[in-house]
Every structure is written in C-alpha cells, then in structure tokens.
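Trainee: Structure here, sequence nowhere to be found:
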C-alpha cells in the first residue's frame, strides 16, 4: 500500500461544469476526510466518513458539493456548477480512528476558468 | 473547536535545534495536541501527538506544559528539508459528535537557513 492516492492531480474546468475527484485511502483505514486549501491558508475541513457513513459536513460544503463513500473504501467528491471561487487544492486524508495519525494524499488542484 | 495560537513565522539555521511554540489556553481535559507539517506542494504530514506527557519520536519531540495550556514542538537538529508550515491542532479524545476531525489554523512557516 503506497498511501492515500488522489485522482486527478490537476483539473482545469470551465465555470459551470461539474467535476468529480476520487480518493483511495489506505486500505484498512475506516475514517476518510476531505479538506480544501487555498493559497496561503491552512486546510479547511469539508466532511468526513466513518466507513460508508458521512458523519459530519462543514457549512463550507454548499449544496453544490456532494461526497460519497459507497462501500467504505474509496470516496468521491463532486462539485456541480463550478464557480471560480471553487479553485483550490482538495485534499483527502484517512486514518484508522480518531486521534490516530492521519495520512494525507497529494491533493487535487482544481482551477476553474 | 478549541483554538491554538502560533507565531506566523520563524527562522532557524541548519543543524541547530528549533523550538516551535503553541498556546492553547482553552484546552479541555480530553483534548489531544497534534502537530502536522506541510512541505511546499504536498499534503500535510503527521509529526507527533500527545495528551499530557512529553513525547518523542524519530521526527521530533513534543514538550507539554504542566497545565497543558501550551506546548512546544522540538526539532533537535534542523535540516533544509524541515522547512515547512507547522500546524498545532487540538483534537477531542472523546466521542463528541463533530469533534473528531483536525481543524487547521494558519500554522507557523519555518524557514531554515543553510
């Protein structure tokens, strides 16, 4: 297992288009987190899953954003009708449980033009 | 979420120790203190975490004040590869809904001079 992987690494899309990102966590990890990071800021929490259950969503996650983790393994984050303000790095992390080491992926950089 | 306060930036020299401070005066009894760092163009990386006692691992040491209202991350011998943004984060140790996540602040940008 090589860690948390995210796909794609970069995405350029036109305003108004839908985009979907994928995260493959470390295989035995039951917790999966999504974060968003803009330049010069720390990562902002978006949502997290315990197995397939989505336990918390940030208010930052507008109704244009949806995340799934259908079988408790990989997860997808979809953004509908993208806006320029959605341009950011989207980070995924996984961990065995709370208060254990979280492993982050390299992120997906989204640019909305 | 309990908050932490860190200096915006610090500078040190290669091969010297670095002490990165973090204040968390509103810490609760069940809060763990986590440190992560983020190298340029990478996702955050776990460094260390602790509850009450000082902790050591291969990357760093974590010194926790007796009243737990502050902590210090110690890099014993900085290298150029340690240049990163360092985040001090409190995470609840109990099962309060909504508390089981890392909440990042602005962190401390550490510059290492050759």
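Mentor: Perfect, I can see it now. Nothing here was measured: the structure is a model prediction, and the numbers come from that model.
Trainee: Could I get the contacting residues of the spatially most central residue of chain A?
Mentor: The centroid of chain A falls nearest to residue A:34 when counting by C-alpha atoms, centre = their mean (3.5 Å). Contacts for residue A:34 (C-beta atoms under 8 Å, 6 or more residues apart in numbering or on different chains) come out as A:23, A:46-48, A:67, A:75, A:77, A:90-92. Using the backbone N, CA and C atoms, a C-beta is placed for each residue, glycine as well.
Trainee: Residue numbers of chain A in contact with chain B?
Mentor: A:4, A:31, A:33, A:35, A:41-45, A:48, A:55-56, A:91, A:93, A:98-99, A:101-107 (C-beta under 8 Å from any C-beta of the partner chain).
Trainee: For PyMOL, what selects the buried ones among these?
Mentor: In PyMOL syntax, the buried subset of these is picked out as below (16 or more other C-beta atoms under 10 Å in any protein chain shown):
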select buried, chain A and resi 4+31+33+35+42+43+44+45+48+56+91+93+98+99+102+103+104+105+106+107
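Trainee: Least confident secondary structure element in chain A?
Mentor: The least trusted helix or strand in chain A, going by mean pLDDT, DSSP states H and E, turns out to be strand A:53-57, with a mean of 90.
Trainee: Run through who's touching it.
Mentor: With C-beta under 8 Å, 6+ apart, strand A:53-57 has contacts from A:46-49, A:67-69, B:97-98, B:100-101.
Trainee: Quick check: which element contains the closest residue to the residue nearest to the centre of chain A other than its chain neighbours?
Mentor: Residue nearest to residue A:34 in three dimensions, not counting chain neighbours: residue A:46, with 4.3 Å by C-beta to C-beta, 6 or more residues apart in numbering or on different chains. Assigned by DSSP states H and E, residue A:46 falls within strand A:44-50.
Trainee: Residue B:91 now?
Mentor: Using DSSP H and E, residue B:91 falls in strand B:84-92.
Trainee: so for that strand, what's the average pLDDT?
Mentor: Mean pLDDT, computed over strand B:84-92, is 93.
Trainee: What is it packed up against?
Mentor: When contacts are defined as 3 or more C-beta pairs under 8 Å, 6 or more residues apart in numbering or on different chains; DSSP states H and E, strand B:84-92 packs onto strand B:18-23, strand B:31-38, strand B:70-75, strand B:108-113.
Trainee: switch to 6 Å and redo it
Mentor: On a contact count with 3 or more C-beta pairs under 6 Å, 6 or more residues apart in numbering or on different chains; DSSP states H and E, strand B:84-92 meets strand B:31-38, strand B:108-113.
Trainee: Can you give the strand pairings for it, parallel or anti for each?
Mentor: strand B:31-38 (antiparallel), strand B:108-113 (antiparallel) (DSSP bridges).
Trainee: Pipe the ones you listed into JSON lines and attach mean pLDDT, mean neighbour count and distance to residue B:13 per row.
Mentor: Shown next, in JSON lines, are those (pLDDT from 0 to 100; neighbours: other C-beta atoms under 10 Å in any protein chain shown; distance: least, C-beta to C-beta, whole Å):
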{"stretch": "strand B:31-38", "mean pLDDT": "94", "mean neighbour count": "22", "distance to residue B:13": "18"}
{"stretch": "strand B:108-113", "mean pLDDT": "97", "mean neighbour count": "17", "distance to residue B:13": "5"}
